[in-house]
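Participant: The sequence and its predicted three-dimensional model are supplied below.
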Amino acid sequence: MFEDYIFPGLIILLQSVALLVALLVFTAFILYADRKVWAAVMSRRGPNVVGPFGLLQSFADLLKFVIKEPIIPSGSNKGIFLLAPLISSALALAGWAVIPVSEGWAIASINVGILFVFAVSSLEVYGVIMAGWASNSKYPFLGALRSAAQMVSYEVSIGFVIVTVLLCVGSLNMTDIVLSQKDGLGTHLGLTNSLLDWHWLGLFPMFVIFFISALAETNRPPFDLVEAESELVAGHMIEYSSTPYLLFMLGEYIAILLMCALTVILFLGGWLPPLDIAPFNWIPGVFWFIFKLCMVFFMFAMVKTIVPRYRYDQLMRLGWKVFLPISLFMVIATAAFLKFTGLA
Amino acid sequence: MLLTGLGAAFFYLFAFVAIASAVMVISARNPVHSVLYLILTFFNAAALFILTGAEFLGMILLVVYIGAVAVLFLFVVMMLDVDFASMKRGALDYAPIGAMVGIVLASELLIVLGAQFIGVGQPGSVASPTPDPLTRTNTAALGDIIYTDYIFFFQIAGMVLLVAMIGAIVLTLRPTRPGVKRQNMGKQVARKVEDSIDVVDVETGKGL
């Protein structure tokens, strides 16, 4: 009993807690980085008061949110109103269970890892819909309707992008997806293992589509019509205050990090070093993973600052009339290429 | 295969929650709550799939049913303005029909389950033996069968879905009314300065 269940159970529990703590602290600094990048592009200073260079700003915000009073509107559906932020943050955190940060460093290295993350990201829409409906107010409901249509639309193209990558890998396990990027275009040309082997080069159009779809899937600008402040105030989050609001923000940023991690694993070689030669492969894989994660997040942050918001019909047009046909064609083209060159 | 130990405990947990939330689907007063309970039922069914080793089916249930179909359910139920209380008043009249459908479904399930005991050694059940999960993953094994033995059924299912999709599009397609202004992206992008601006020399005091 003890050796079969309790001891492994305890280890998994400890691993989960370690990952959660690391992730939450990382999220706090990512939030700070997002605000700093945004400020730098606008020639502002950004948060610079709490702690050195304002580094502790996120923790001050956390304290502020936690000690404020949560206000629940009297017309709201109380149970669902409070359940929505919990669902949104818990789901985002759950997705991280299968992400391998380095070789063998995943809490659950399951066979269908990529499907699990895809499922979790498609369930995240429930947090938004439930919040929008339970608030019993106009703007949250409009925000919820928008987000439901938007997230379902962009999941389709994300699904096809994932299928193309899986065609090249031949496995749904996250670790296998990264390891398959050890050899690729670069090694076929006779070069040493390098960043040219990763999928971003061979599947470049899919990389671009995935990046843009990830922005839309996580309601990041320029696709943040769900919470477009100029028309919907804050969308589904209007009626929320204090800790429930904090949970929404947390869920949103962790979902964004999850999408960044997925980009790194699918296209940027996960924990593999950019050049498999002396100084680079001494550095542990975790460092490379986090480095790439930060780079992708920097791209997310830059898009937020420099691209104006899409109109809703443009958003739908892009999803259904541009991305879907291209990704569908690429699935067929990739499958045909692999079949006829005998690489599969 | 009998579940023992922790597996059994989880099975009873998921099965109990699935049945309890299925009961709540039909007994909840608020239709939105009903749909949310339906989602919980789906979720537990997915967990049961994963528990029996059918991880691919479980994940697809999550992605397709909960991630897409149930979202549209929720969408429609939230938008509907139907007095569900009055609709429910006569619901008990349908109990005999419901019971009949239930009995038919239950007996069919029994027949399917019984087949593996009755038909042991029959050609049908040994034609595609279940591979060892250690050597072949569930997803790959499913792909092996769908794309070889059952390829025609698979394609027919695809055709049925395609027809349904085209049908749905045709149903919502309205003839374009005259005078409706629509954006044409191609036209907008192709527009040049020479096409849209005329530079004219106007003499003072004359006008155009």
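Facilitator: That came through, no problem.
Participant: From A:Gly159, how far off is the residue in chain A positioned nearest to chain B?
Facilitator: Proximity to chain B, evaluated over chain A using C-beta to the nearest C-beta, is greatest for A:Ser122 at 3.1 Å. C-beta: built from backbone N, CA, C; applies to glycine. When C-beta to C-beta, to the nearest Å is the yardstick, A:Ser122 and A:Gly159 sit 9 Å from each other.
Participant: follow-up on the earlier one: the residue of chain A closest to chain B contacts A:Glu155, doesn't it?
Facilitator: Yes - at 5.2 Å, A:Ser122 and A:Glu155 qualify as touching, with contact defined as C-beta atoms under 8 Å.
Participant: what does chain A have sitting close to chain B?
Facilitator: If contacts are counted using C-beta under 8 Å from any C-beta of the partner chain, the residues of chain A sitting beside chain B are A:4-5, A:77, A:80, A:110-112, A:115-116, A:118-119, A:122-123, A:125-126, A:129-130, A:133, A:141, A:145, A:148, A:152, A:155, A:159, A:171-172, A:313, A:317.
Participant: Go through those residues and flag which are in helices.
Facilitator: Taking DSSP state H as the definition of helices, the residues of chain A next to chain B contribute A:80, A:115-116, A:118-119, A:122-123, A:125-126, A:129-130, A:133, A:141, A:145, A:148, A:152, A:155, A:159, A:313, A:317.
Participant: Just the buried ones from those, in ChimeraX syntax?
Facilitator: Only the buried members of these end up in this ChimeraX selection, burial being decided by 16 or more other C-beta atoms under 10 Å in any protein chain shown:
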select /A:80,115,116,118,119,122,123,125,126,129,130,133,141,145,148,152,155,159
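Participant: sorry, back to before: now do the shared contacts for A:Ser122 and A:Glu155.
Facilitator: With contacts taken as C-beta atoms under 8 Å, 6 or more residues apart in numbering or on different chains, the residues that reach both A:Ser122 and A:Glu155 are B:Gly67, B:Ala68.
Participant: where do the strands sit along chain B?
Facilitator: Listed in chain order, the strands found in chain B under DSSP state E amount to none.
Participant: For chain A, give me its nearest residue in it.
Facilitator: Chain A sits closest to B:Gly67 of chain B, with a gap of 3.1 Å, by C-beta to the nearest C-beta.
Participant: Assign a three-state SS to the closest residue in space to A:Trp105 that isn't next to it in sequence, would you?
Facilitator: Nearest in space to A:Trp105, with sequence neighbours left out and distances taken as C-beta to C-beta, 6 or more residues apart in numbering or on different chains, is A:Val286 at 6.9 Å. A:Val286 carries the three-state label helix when classified by DSSP: H, G, I helix; E, B strand; the rest coil.
Participant: And for A:Val286, the neighbour number?
Facilitator: In terms of burial, A:Val286 registers 13 neighbours under the definition other C-beta atoms under 10 Å in any protein chain shown.
Participant: show me the contacts for it.
Facilitator: A:Val101, A:Ser102, A:Trp105, A:Trp271.
Participant: On the pLDDT front, check it for me.
Facilitator: Model confidence at A:Val286, expressed as pLDDT, equals 87.
Participant: That one and A:Val264: what is the separation?
Facilitator: Where A:Val264 is concerned, A:Val286 sits at a distance of 12 Å (C-beta to C-beta).
Participant: Centre-most residue in chain A?
Facilitator: By C-alpha atoms, centre = their mean, the mean C-alpha position of chain A lies nearest to A:Met259, the distance being 2.0 Å.
Participant: what helix or strand is that residue on?
Facilitator: helix A:242-267 (DSSP states H and E).
Participant: just A:Leu63 next, same as before
Facilitator: Counting by DSSP H and E, A:Leu63 is found in helix A:57-67.
Participant: lowest-confidence helix or strand of chain B?
Facilitator: Ranking every helix and strand in chain B by mean pLDDT, DSSP states H and E puts helix B:123-126 at the bottom, with a mean of 53.
Participant: for chain A, which spans come out with low pLDDT?
Facilitator: The model of chain A has pLDDT under 70 over residues A:1-2, A:344.
Participant: Give the buried residues for the longest helix seen in it.
Facilitator: Taking DSSP H as the criterion, chain A has its longest helix at helix A:7-41. Neighbour counts using 16+ other C-beta under 10 Å place A:19, A:23, A:26-39 of helix A:7-41 among the buried residues.
Participant: from these, which is closest to B:Val189?
Facilitator: Minimum separation from B:Val189 among the buried residues of helix A:7-41 (C-beta to C-beta) is found for A:Trp38, which lies at 30.2 Å.
Participant: Around A:Pro205, how many other residues sit close by?
Facilitator: When neighbours are counted by other C-beta under 10 Å, A:Pro205 registers 14.
Participant: now A:Ile177
Facilitator: Using other C-beta under 10 Å, A:Ile177 has 26 neighbouring residues.
Participant: Hmm, it is touching A:Val264, no?
Facilitator: No - the pair A:Ile177 and A:Val264 fails to qualify as a contact (C-beta under 8 Å) at a distance of 10.7 Å.
Participant: Please enumerate the shared neighbours of those two.
Facilitator: Shared contacts of A:Ile177 and A:Val264, defined by C-beta under 8 Å, 6+ apart, are found at A:Gly270.
Participant: Look up phi and psi at A:Ser194.
Facilitator: When read as degrees, to the nearest 10, the backbone of A:Ser194 gives phi -150, psi -170.
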